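Here's my sequence, what's the structure:
(2 chains)
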There are 2 protein chains.
Amino acid sequence: MSTEQPRAAALLQQVCLNRYPAEATHLLEKLPATRIADLLGEQPPELALAVWERLVPDIAGEVLESLDDGRVRELLSRANPNRCVAWLASVSPGRRDSWMALLDETRAGELNTLMAFPPGSAGALMDPRILVFRADMTVREGLQRLRASQRHDILSLFVLDGDNRLSGVIPIQVLAVASPAARLHELMQPVTAWVEGMTPRDEVVDKLEELRIIDLPVVDLDGRLIGVVPPQALMEAAENEATATLQTMVGTSKEERALSRVSFAVGKRLPWLQINLLTAFIAASVVGLFESTIAQFTALAVLLPVVAGQSGNTGAQALAVTMRGLALREVRSSHWGQLLFKEALVGFLNGLAVSGVTALGVWIWSGSTGLALVICLAMILSMVVAGMAGATIPVVLTSLGQDPAQSSSIFLTTITDIVGFFSFLGIATLLSAML
Amino acid sequence: MSTEQPRAAALLQQVCLNRYPAEATHLLEKLPATRIADLLGEQPPELALAVWERLVPDIAGEVLESLDDGRVRELLSRANPNRCVAWLASVSPGRRDSWMALLDETRAGELNTLMAFPPGSAGALMDPRILVFRADMTVREGLQRLRASQRHDILSLFVLDGDNRLSGVIPIQVLAVASPAARLHELMQPVTAWVEGMTPRDEVVDKLEELRIIDLPVVDLDGRLIGVVPPQALMEAAENEATATLQTMVGTSKEERALSRVSFAVGKRLPWLQINLLTAFIAASVVGLFESTIAQFTALAVLLPVVAGQSGNTGAQALAVTMRGLALREVRSSHWGQLLFKEALVGFLNGLAVSGVTALGVWIWSGSTGLALVICLAMILSMVVAGMAGATIPVVLTSLGQDPAQSSSIFLTTITDIVGFFSFLGIATLLSAML
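Have a look, this model is predicted:
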């Protein structure tokens, strides 16, 4: 076998990692840790580093454990600090301490700063490596400092005063085309957005959505710059927040993850289930009012879930569309009248269509025209009310300064169940002569 | 009154717009259109432009209508093209045509290109203003071209070959610190992500999430660069997609907006309601199997929604947490066993807690130990099954290449209803001697 073949294979790996970083990394992650270590050891250092930073943290931690101290030190000194912290978190505390002892003081300090902030806070999201730029520096000096830092990820130069407080910001694209002799204070713009280290993730994302920034400076309690949240971390935070809404809506905490501990999940979900039980009892008591009607016509008990199900669904659709409009700032409380009218009409029209099918089905099943009429009327009525409730609840909660994701659905289900049960059994009782 | 006062007021406005752009723009939007036009006319041009681009498009359109042709031409020539298209979309077609006639050919061409792409496609999200960089240009020449363009929003230089196809990309921060005499081909990196103009928004967002890019080149069918989706548009697209999941889950289209037309909303929502009706009938037929038991013990009909409600909620919690884990790529199909075990156990423990309270409530209400026992057993059983279903459905749908948001909840509701009804009424029938 010629030596060409392994060289060709190495080149192919390199091209593949360069061109298709996401796919190549996913493939790599399926190999055993020592094999990943070997493969990465053969790549050019810059490329290897980029792949390291893409690996799932627990796999990266495992691969790190198979390396000698020299390579561990090199990686932990050069890689993105947030990635390093994620790797450190995936190994045993003993291993972590021995690795931290390999690092120089600056780097160890940066990593310790990051680890001191609670997960999800701005302090944990930020890159703690700060380059200091002063207002009286020239563009030439600024570029020299950037070049010397070997940082290729800096998009905004934050200009600091003598106390390291933010005095202005210069986007890198402005610096790039500025005259080399210009002073930074001539180029700098006011800083419109910053957060403190303990700021929770949802407030970080609010800044992002309101100001459409691409990175975000983080300051300590005295206003001194302690780091910058880079664009990738901002986007990840936004994605995390957006997908969390779904969990909040069904009553579990944003913090729960798919593989969270059972005790954590039970603790977060149980209070909601108990509240929900209370509202279910209230709805059941409505059914209880009509026990004698049900005893007479058991078909009502069979069809009850159908009416409640359709009204619940109609309400959920109206709720989802209204909540999204509020979240994207496309509608405000002042649009409530319009929303209410729209959802009432949508509920009525969908009610006509759905109840027509239902009435036909019920008539075929039971042969009773009266029962078909009752369910038809009840469905239309409850779907109109459900639509109106779906449009109203998030608007009211938002006006009261509440997060509509938190409690909208519990109010909605209570209302749609009660209205569904009451209208169906009430109309049945009124028209019982026809059943 | 001295002339100092109005000047001070103007200065204050300027500072306010500069420092608190989001709040200042919201305040501005509450004024009448002509007043907004006057205020913006008094600001320095760069600042005024930044505010224009922040205004809600329909308000901006209204303000534009109050301006003379000269100022309209200036704004439509200088502002971000995507903003311009949004403004043009908010006015009458006649007005739009007369404004387009004011523009020079290049600009009119750019705006027409944008308007030709369907809303939400990559082509409609991109900035169509292209700067051409060639591989043999020096860094000095590249920077000169950037400076001449007066574009302050370019973060990536796309290097094009003779046919205007992408040959590489240079991040602006790399260009900024490069030696002026270096050639662009020495600096450029391979382009790992690009889309075609007709690529829908969800695929654009997939690229963003997979590759953590900050901007995205858009090419035509022949691979020629036609525009770049800037970071702000990418983030907006990601936010739009993430909030759309909620709508997909309850069966209305991603395209529906809070203020969409009633006919549009009915068309999108009705098919789901009809499918849902079918599943409700299936669940009702389970209840129908036990009609004779219900005729004997009407209390069962009263309590039926309580059991189904709790099992539905437990399933929805498991579903939300699992779906989010899959969306954030924290879990994969291979974790199914772990997820199943976790959710079964969570369902069992929550079932114990909730059914204990329920049994107590039922015993107080009915005085029947038998009924309390029946509901207790039914609840635990159905909550365990619901948790397992919530963990399984999105994993199976994802493995089959389906979007779990699309159809998870309809499968889940069908299963939790049937299991809830069947376990409650089945156990009641078995233990009917105790009721």
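
and the closest residue to A:Val385 other than its chain neighbours, helix, strand or coil?
The shortest distance from A:Val385 to any non-neighbouring residue, by CB to CB, 6 or more residues apart in numbering or on different chains, is to A:Val419 (4.7 Å). C-beta coordinates here come from the backbone N, C-alpha and C atoms, glycine included. Assigned state for A:Val419: helix (three-state reduction, DSSP: H, G, I helix; E, B strand; the rest coil).

pretty sure A:Val419 is touching A:Gly387, no?
No. With contact defined as CB atoms under 8 Å, A:Val419 and A:Gly387 do not form a contacting pair (11.0 Å).

Neighbour count for these two, which is higher?
A:Gly387 (31 against 26; other CB atoms under 10 Å in any protein chain shown).

What is the burial count for A:Asn18?
Look at A:Asn18: counted by other CB under 10 Å, it has 17 neighbours.

From B:Arg269, how far off is it?
47 Å (CB to CB, to the nearest Å).

cool, A:Leu326 as well?
A:Leu326 is 19 Å from B:Arg269, where distance means CB to CB.

of those two, who's got more company?
Ranked by neighbour count (other CB under 10 Å), A:Leu326 and B:Arg269 place B:Arg269 first, with 26 against 21.

Give me the buried stretch members for stretch A:95-110, please.
For stretch A:95-110, the neighbour count (16 or more other CB atoms under 10 Å in any protein chain shown) marks A:Arg96, A:Trp99, A:Met100, A:Leu103, A:Arg107, A:Ala108, A:Glu110 as buried.

The last one contacts A:Pro128, doesn't it?
Yes. A:Glu110 sits in contact with A:Pro128 when judged by CB under 8 Å, with a separation of 4.5 Å.

list the residues that contact both of the two?
A:Pro81 (CB atoms under 8 Å, 6 or more residues apart in numbering or on different chains).

and A:Leu166, how many residues sit next to it?
17.

do the same with A:Gln43
Per other CB under 10 Å, the neighbour tally for A:Gln43 reads 18.

shouldn't it be in contact with A:Ala50?
No. The pair A:Gln43 and A:Ala50 does not pass the contact test of CB under 8 Å, sitting 9.2 Å apart.

Now do the shared contacts for the two.
A:Leu17.

low pLDDT regions in chain A?
Scanning chain A for pLDDT under 70 picks out the ranges A:1-6.

got the domain boundaries for it?
Using automatic domain parsing, the domains assigned to chain A come out as A:4-116, A:139-249, A:262-434.

Comparing those, which comes out most buried?
Neighbour counts (mean count of other CB atoms under 10 Å in any protein chain shown) averaged over each of the domains of chain A peak at domain A:262-434, with a mean of 21.

First-to-last residue distance for that one?
This stretch, domain A:262-434, spans 53 Å end to end (CA to CA, to the nearest Å).

Surely A:Ser149 touches A:Leu131?
Yes. Between A:Ser149 and A:Leu131 there is a contact under CB under 8 Å: 5.5 Å.

residues touching whichever residue of the stretch 1-150 of chain A sits closest to chain B, list them.
Ranked by CB to the nearest CB, the top residue of the stretch 1-150 of chain A for proximity to chain B is A:Arg147, at 4.1 Å. Counting by CB under 8 Å, 6+ apart, A:Arg147 makes contact with B:Val177.

where do the strands sit along chain A?
A:156-160, A:166-171, A:195-196, A:216-219, A:225-229 (DSSP state E).

Direction included, what does the third one pair against?
So the one you mean is strand A:195-196. Paired strands of strand A:195-196, with direction, are strand A:216-219 (parallel) (DSSP bridges).

can you list contacts of the partner strand?
Contacting residues not belonging to strand A:216-219 are listed as A:122-123, A:126, A:156, A:158, A:165-166, A:169, A:191, A:193-197, A:199, A:204, A:207-208, A:225-229, A:234 [CB under 8 Å, 6+ apart].

hmm, try it at 7 Å
By CB atoms under 7 Å, 6 or more residues apart in numbering or on different chains, the residues outside strand A:216-219 that reach it are A:122-123, A:126, A:158, A:166, A:191, A:193-197, A:204, A:207, A:225-229, A:234.

ok now it, how far from the chain's centre?
Counting by CA atoms, centre = their mean, to the nearest Å, strand A:216-219 is centred 20 Å from the centre of its parent chain.

which non-adjacent residue is nearest A:His185?
For A:His185, ignoring the flanking residues on the chain, the nearest one in space by CB to CB, 6+ apart is A:Ala135 at 3.9 Å.

scratch that, A:Asp220
A:Ile226 (5.1 Å).

shouldn't the one you found be in contact with A:Glu196?
No. Between A:Ile226 and A:Glu196 there is no contact under CB atoms under 7 Å: 9.0 Å.

Phi and psi next, for A:Ile213.
Dihedral pair for A:Ile213: phi -80, psi 160, per degrees, to the nearest 10.

looking at it, it is touching A:Val195, isn't it?
No. In terms of CB under 7 Å, A:Ile213 does not count as a neighbour of A:Val195; the distance is 10.8 Å.

Need the residues touching each of the two.
Shared contacts of A:Ile213 and A:Val195 (CB under 7 Å, 6+ apart): A:Lys207.

A:Arg134: how many residues sit nearby?
If we define neighbours as other CB under 10 Å, then A:Arg134 has 16 of them.

if I pick it, what's in contact with it?
Contacts of A:Arg134 by CB under 7 Å, 6+ apart are A:Val159, A:Leu160.

if we go to 8 Å?
A:Val159, A:Leu160, A:Leu184.

can you check A:Glu203 too?
A:Glu203 makes contacts with A:Ala122, A:Val195, as judged by CB under 8 Å, 6+ apart.

From chain B, how far off is it?
14 Å (CB to the nearest CB, to the nearest Å).

Please report how far that residue lies from B:Gln43.
For A:Glu203, the distance to B:Gln43 - CB to CB - is 29 Å.

in the stretch 301-435 of chain A, which spans are helices?
Per DSSP state H, counting those that start in this stretch, the stretch 301-435 of chain A carries helices over the ranges A:336-366, A:369-399, A:404-430.

Off-centre distance for the first one?
In other words, helix A:336-366. That offset, for helix A:336-366, works out to 34 Å (CA atoms, centre = their mean).

Please apply the same query to the second one.
Between the centre of helix A:369-399 and the centre of its chain there are 31 Å (CA atoms, centre = their mean).

now the angle from it to helix A:336-366?
Here helix A:369-399 runs at an angle of 150 degrees relative to helix A:336-366 (axes from the mean of the first three to the mean of the last three CA atoms, to 10 degrees).

what helices or strands is helix A:369-399 leaning on?
Counting contacts by 3 or more CB pairs under 8 Å, 6 or more residues apart in numbering or on different chains; DSSP states H and E, helix A:369-399 packs against helix A:299-327, helix A:336-366, helix A:404-430.

quick one: which of those helices is nearest B:Leu360?
Nearest to B:Leu360 among the helices and strands packed on helix A:369-399 is helix A:404-430 (21.1 Å), distances taken as CB to CB.

so which of the helices and strands packed on helix A:369-399 gets nearest A:Arg78?
helix A:299-327 (39.5 Å).

ok, the closest one near chain B or not?
Yes. Using CB under 8 Å from any CB of the partner chain, we find that helix A:299-327 touches chain B at A:299-306, A:308-310, A:313-314, A:316-317, A:319-327.
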